[in-house]
Every structure is written in structure tokens, then in C-alpha cells.
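Undergrad: what would the 3D arrangement of this be:
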Amino acid sequence: MSSLPIGTLKKALGKFIIIRLKDNVKYKGKLESFDQYMNCHLSEAVEIIDDEEVSRYGSIFVRGNNILLVRLSINE
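TA: Sure thing, here's the model as predicted:
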């Protein structure tokens, strides 16, 4: 994978990722699009708090300035 965050996101398009925010809330979903600020659009999104699924969303937008970590999801 690319060592640059934008390069990593390009390779993750269409795949399931997990985004951890600065407040430790996680979102798992399919990466539909992103921009140069790392704002991300996820489909089939799930909100995870303390390792428990708390909400399901069809589509969400996550602001890049709130993102702490992005990684590929092992199990979709």
C-alpha cells in the first residue's frame, strides 16, 4: 500500500474500511468517495462504540478533520 493517506484511500475505494474518530467512535462501511481533505463518503455504514454496533446507516459523510485512523476491514 501507499505510505501516503490519499494513496491508501484510492486503493480502498469500493472496499470496506473502518474509520476511527478522535472521540474513539468507529464507523465501518464501503468507501464510496473521498476528497483531498480526507472527507469520506461511506455506504452500508455501521457505527461502533466500545466494540458494539449501535446504529446502521445507509450512507454517511465523515469529515476528514475528525479522522484519527483509517484501515481496511478484514471481514466485510
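
Undergrad: shaky segments in this structure?
TA: 1-3, 75-76 (pLDDT under 70).

Undergrad: same thing but at 90, please
TA: Applying pLDDT under 90 to the chain picks out residues 1-9, 73-76.

Undergrad: how about the helices in it?
TA: Per DSSP state H, the chain carries helices over the ranges 5-12.

Undergrad: which residue would you name as the spatial centre of it?
TA: Within the chain, one residue has its C-alpha closest to the average C-alpha position: by Cα atoms, centre = their mean, that is residue 19, at 3.6 Å.

Undergrad: shouldn't that residue be in contact with residue 41?
TA: No - using Cβ atoms under 8 Å, residue 19 and residue 41 do not qualify as a contacting pair, with a distance of 11.2 Å. C-beta coordinates here come from the backbone N, C-alpha and C atoms, glycine included.
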